[in-house]
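Engineer: Sequence first, predicted model second:
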Amino acid sequence: MQPIRHDVPQHHQDRTWAIYGKSVPQLFLERVAGRPDVVALRYKDFGLYQEVTWKKYRDDVEAFALGLMSLGVEPGDRIAIMGDPCYEYFVADMAGLSVGAITYGIYTTCSPTEVRHQLENAGAKIFIAENQEYVDKILELENLATDLRRIIVADMRAMFLYRDDRIVSFSGVQDQGRAFGKTRPKAFEQRTLAVKPEDVAVFVYTSGTTGAPKAAMLTHRDLMVGMVNTYLQGFPELEQGPQRVITHLPLAHLVERSMSLCLMLIADVTPHIGEEVDNLRETLTEVEPTFFHGVPRVWEKFASQIQVNIDRADRIKRLSYRMAMAIAKRHATYVWARKRPPLWLAASYGLARLLVFKPMLMKVGLHKLRAALTAGAPIPPTVQAIWQIWGVNLRNLYGITEHTLVLSQCDPFQQPGDAGVALYPKEVTLAPDGEILVRGPGMFCGYWKNEEATKQAIQDGWLHTGDVAQIMGNGHFRIVDRKKDIMVTSGGKNISPSEIENLFKGSSYISEVVLFADARKFPSALIEIDFDTVADWARQHGIVYTGFTSLAQQPRVIELIGKEIDKYNEKLARVEQVKKFRIIPKELDPEEGDTTPTRKVKRRHMYTMFEDLVEDMYRDGQEARIDVAKGMETSSQPKLAFS
């Protein structure tokens, strides 16, 4: 067991227990009082970044909070918010917390069934929509079993034909709040100060990979002590002067909510909201963040784009990159082993960073990063490694909705692949079967309306995470897989599908991998190609296609993916090697229910969708033939037969 750590800096320990007794709105008011004229955040509107001071932020939050009170919102009422990151989302969420309500975000990619479930399960009384698109998602739900009193809309453009009496404008609620405040001048402060740190602050719906999503209840204390404050321990760079961050993930995501909405309450961090979430690269180059957080898919996408641009470059630039990479890889082995590199190697790497890697990173706006985190899912070690080699201090962070942040790589440029050490003040241990158990501040207070699931999750004071891990020689945890996902082949061999899937996702041509091996003679895989990267490769090679399905069925694309499978198979034990694969004919879409709203794959659902493809790989009942495919005879390595 890793007990509560005592090697944590004293100032971090002191801050932890100072925050322990305060609610989110209380910390908000203290922040406003301490820096009223300092810029709290910036958002882009009609091509220009607008600055919002803490005083203006407070004024807007107070007006909206009073408006909610005038609409009859009471402490404990549930408020649902749906939309992309925008200033109104910040205001609405903080206002909801300030009046003692429970706020929660609904992913914009949720299917109508998922939206209905989350509204009815929570019993939402207020729904706040960014614009018409998300209003429509509500109005199309017939016989909604919840007392939804108001639908508040931030952007009222295109709403003039709507006649639903529940619809009101965001600005209208603020005007109503200002009028309400004139008759009750102390109402906002009184309601805010009545909110306790042990009160439930937010619902976070689980991904629903094994059933209907459950609402995990997190208190103000869970959010601030268990999650927000621990960022500063895992990433002390966040305390080293002002930091520019970008709000780009859905604010329904616990990482984005905590990083953008809450971290600014205790650290000198300024969120920046771009005009369109799809234009992340543009926002990055404009803002040039000093700290960046992203899920693995974001890091994978950008790495693929950079590598495609390198392949497109002229011969001299490609040669310069290869030389720089040879130096950088050698330098990285010393850094990861915590050894001092020779002076000549350190100087050579410094030159490679200055002349090759920095200009490359400037094109995506990541050249000023002091540190970066990846969280939300396991990142392929090869992807984390390439970013570190390029000079980006990318580190792993492991958390779980029910216990916020748990583990982190806390030192700069730590070796890719592990999840780091326990974060203060949490205790982490492994059960006899390797399952991660956690206890301490930050543990959720249960699932809403689901006591049975709560009892299964929390036993004898420990949260059973469902994740299996190993403790490495250096004391760091290495995540193996979800306990329920570990497979046993028909030959009795245990296989961890996530480790294999993440290995293959290190390829810039592969977006998603779904492994099948349970009770099977050999592992097989369904592959979703990375459309942008493969399409670019196809154009360079004169391959004609009309869309995703057409591209996925091209023989040369199948051959390309086969080579990638071969390359990564070499890093696996024979029993783990993918013997057959099929490329799925469509791009996975969360809004169509193909994945969860956060793009997590449901293995059973994938089997149902593509049962014929999976069974076709096992139809002959024999292990796949390994031979030299036609046209590849020059290679000394055996290749997969695609027939």
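Structural biologist: In hand now; what should we look at?

Engineer: Which elements pack onto the helix or strand where residue 359 lies?
Structural biologist: Assigned by DSSP states H and E, residue 359 belongs to helix 358-362. Contacts defined by 3 or more C-beta pairs under 8 Å, 6 or more residues apart in numbering; DSSP states H and E place helix 358-362 against helix 296-312. (Glycine included, C-beta is placed from N, CA and C.)

Engineer: and whichever helix or strand comes after the helix it packs on, what's its mean pLDDT?
Structural biologist: Toward the C-terminus, helix 296-312 is succeeded by helix 315-336 as the next helix or strand (DSSP H and E). Mean per-residue pLDDT for helix 315-336: 96.

Engineer: list the helices and strands helix 315-336 packs on?
Structural biologist: Going by 3+ C-beta pairs under 8 Å, 6+ apart, helix 315-336 lies up against helix 296-312, helix 343-352, helix 381-389.

Engineer: those helices in the stretch 1-150 of the chain, which residues are they?
Structural biologist: Taking DSSP state H, counting those that start in this stretch as the test, the helices found in the stretch 1-150 of the chain are 10-20, 24-34, 54-70, 87-98, 112-122, 132-139.

Engineer: Now tell me what touches the longest one from outside.
Structural biologist: Surrounding helix 54-70, the residues in contact under the criterion C-beta atoms under 8 Å, 6 or more residues apart in numbering are 28-29, 31-32, 35-38, 40-41, 52, 79, 90-92, 94-96, 98-99, 101, 126, 170, 173-181, 184, 187-188, 191-192.

Engineer: Among those, name the buried ones.
Structural biologist: By neighbour count, with 16 or more other C-beta atoms under 10 Å, the contacts of helix 54-70 hold 28-29, 31-32, 40-41, 52, 79, 90-92, 94-96, 98-99, 101, 126, 170, 173-174, 176-178, 180-181, 187-188, 191-192 as buried.

Engineer: Next, the distance between the ends of stretch 268-278.
Structural biologist: 27 Å (C-alpha to C-alpha, to the nearest Å).

Engineer: So for residue 277, what's the pLDDT?
Structural biologist: Value for residue 277, per-residue pLDDT: 89.

Engineer: What count of nearby residues applies to it?
Structural biologist: By other C-beta atoms under 10 Å, the residues close to residue 277 number 16.

Engineer: what's it in contact with, if anything?
Structural biologist: So residue 277 contacts 84, 85, 248 (C-beta under 8 Å, 6+ apart).

Engineer: so can I have a markdown table of those residues showing neighbour count, distance to residue 535 and pLDDT?
Structural biologist: Output for the contacts of residue 277, formatted as a markdown table (neighbours: other C-beta atoms under 10 Å; distance: C-beta to C-beta, whole Å; pLDDT from 0 to 100):
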| residue | neighbour count | distance to residue 535 | pLDDT |
| --- | --- | --- | --- |
| 84 | 20 | 26 | 96 |
| 85 | 23 | 28 | 97 |
| 248 | 24 | 24 | 96 |
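
Engineer: how about a markdown table for those residues, with distance to residue 524 added?
Structural biologist: Below are the contacts of residue 277 laid out as a markdown table (distance: C-beta to C-beta, whole Å):
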| residue | distance to residue 524 |
| --- | --- |
| 84 | 37 |
| 85 | 39 |
| 248 | 35 |
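
Engineer: Could you single out the most deeply buried of the helices and strands packed on helix 315-336?
Structural biologist: With neighbours defined as mean count of other C-beta atoms under 10 Å, the helices and strands packed on helix 315-336 peak in mean count at helix 381-389, which reaches a mean of 22.

Engineer: packing partners for that helix?
Structural biologist: helix 296-312, helix 315-336, strand 394-400, helix 497-504.

Engineer: so how far is the helix or strand harbouring residue 231 off the chain centroid?
Structural biologist: Here residue 231, judged by DSSP H and E, is contained in helix 229-234. Its chain's C-alpha centre and that of helix 229-234 lie 17 Å apart, by C-alpha atoms, centre = their mean, to the nearest Å.

Engineer: Downstream of it, the next helix or strand is which one?
Structural biologist: Criterion used, DSSP H and E; the element after helix 229-234 is strand 243-247.

Engineer: After that following strand, which helix or strand is next? Please name it.
Structural biologist: helix 254-256.

Engineer: which residues touch that next one?
Structural biologist: 85, 204, 227, 247-250, 293, 295, 375-376, 399, 401, 404.

Engineer: Let's test this: mean pLDDT of stretch 150-166, rounded?
Structural biologist: Stretch 150-166 comes out at a mean pLDDT of 94.

Engineer: Next, the buried residues of stretch 469-488.
Structural biologist: Buried residues in stretch 469-488 (16+ other C-beta under 10 Å): 469, 471, 476-483, 485-487.
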